[in-house]
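Participant: would you be able to build a 3D model of this:
(4 chains)
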There are 2 protein chains.
Amino acid sequence: MKDDVFKILNDYGIQPSAQRVAVAQYVLSTDEHPSADQVFAKVSNTFPMISRATIYNTLNLFVEKGLLRELHMAAGRVVFDPNLVRHHHFINEETGEIHDIEGTQLKVTNLGSLNDYEITDYQVVLRGKKKNKVG
Amino acid sequence: MKDDVFKILNDYGIQPSAQRVAVAQYVLSTDEHPSADQVFAKVSNTFPMISRATIYNTLNLFVEKGLLRELHMAAGRVVFDPNLVRHHHFINEETGEIHDIEGTQLKVTNLGSLNDYEITDYQVVLRGKKKNKVG
DNA sequence: CCACGCCTTAGACAAATTCTAACTTTTGAC
DNA sequence: GTCAAAAGTTAGAATTTGTCTAAGGCGTGG
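Facilitator: Below is the predicted model of the structure:
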């Protein structure tokens, strides 16, 4: 198991260290969608000397190397939108700008199959960059 | 124009004040998806005495009254996801929990029509609550 | 005028994240 | 093995985002 993690880190071009292995063991085996602080709390149990900065450094490195993905949807760090009609958003990853995508440009189907949930709102979040006009 | 804003605030049950009108004039006329701090910066230009607390109070009031919507997708306050396969997320608004929705349960179509953008990633974000089992 | 309620203010506070400077560990050359 | 350079880690300071608090301002009804 620790060997697995070692191999995974190597595969992603991440130099293993005791701290990085400890973080990876937790985040790769959970479906809790933890925040950095939750990772800190969990990993501290088995690795009491680890510092917060290392947690942040390690998580950011993992994201950079493609081993983890960041989700930007928890509370806090919020922006405001006066457009109340259902619509979607495109985030330009080069600039951070958020653009509206009209509701009619995308269609989400099969919503009805999610029987356990009562959906009050949904939107599609697209990430990418503006195409260069060619020619 | 100022009269328009006055009327809108009244329509949404918001007691107008000089500060609230100033904030509304900016946020209702922009498509910049501003953060609270950006609102503060802009409104300070025309209303130098306004305080940050008033900006936050006012924006939160507008959201509460339905005049604005919050978007939780900017950088910061982040959680991490080891699931790299394309999938979607359901946020339980009662608990804040984030659940994975398999990519196969939802289908987004018409992506190809967004010709100006090069999409590197997308996901559907659903908000709501777990249904109570009835009976 | 006075009191009451609502609003605003400045600054304190709190939480999340990044930065910094010093220390430790690893690695590679000799 | 020893040394130096590079990489990683640490604690704590600093920054950023947002809320809370205590005090004061303003308008309306008496």
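
Participant: and chain A, which residues reach DNA strand C?
Facilitator: Contacts of chain A with DNA strand C, taken as CB under 7 Å from any atom of the strand, map to A:17, A:35-37, A:52-53, A:56, A:60, A:76. In short, each C-beta sits where N, CA and C put it, glycine included.

Participant: quick one: the helix or strand hosting residue A:58 to chain centroid distance?
Facilitator: Per DSSP states H and E: residue A:58 is located in helix A:52-65. Distance of helix A:52-65 from the chain centroid (CA atoms, centre = their mean, to the nearest Å) equals 13 Å.

Participant: stretch A:86-102 too?
Facilitator: That offset, for stretch A:86-102, works out to 17 Å (CA atoms, centre = their mean).

Participant: is DNA strand D within reach of that stretch?
Facilitator: No: figure legend: stretch A:86-102 not in contact with DNA strand D (CB under 7 Å from any atom of the strand); closest approach 10.9 Å.

Participant: quickly check: that stretch near chain B or not.
Facilitator: Yes: Stretch A:86-102 reaches chain B (CB under 8 Å from any CB of the partner chain) through A:89-91, A:93, A:96-98, A:100-101.

Participant: got the buried residues for the helix holding residue A:58?
Facilitator: Within helix A:52-65, the residues scored as buried using 16 or more other CB atoms under 10 Å in any protein chain shown are A:54-55, A:58-59, A:61-62.

Participant: how many neighbours does the closest residue to residue A:28 other than its chain neighbours have?
Facilitator: Sequence neighbours aside, residue B:82 is the residue nearest to residue A:28 in space, at 5.0 Å (criterion: CB to CB, 6 or more residues apart in numbering or on different chains). The number of residues packed near residue B:82 is 17, by other CB atoms under 10 Å in any protein chain shown.
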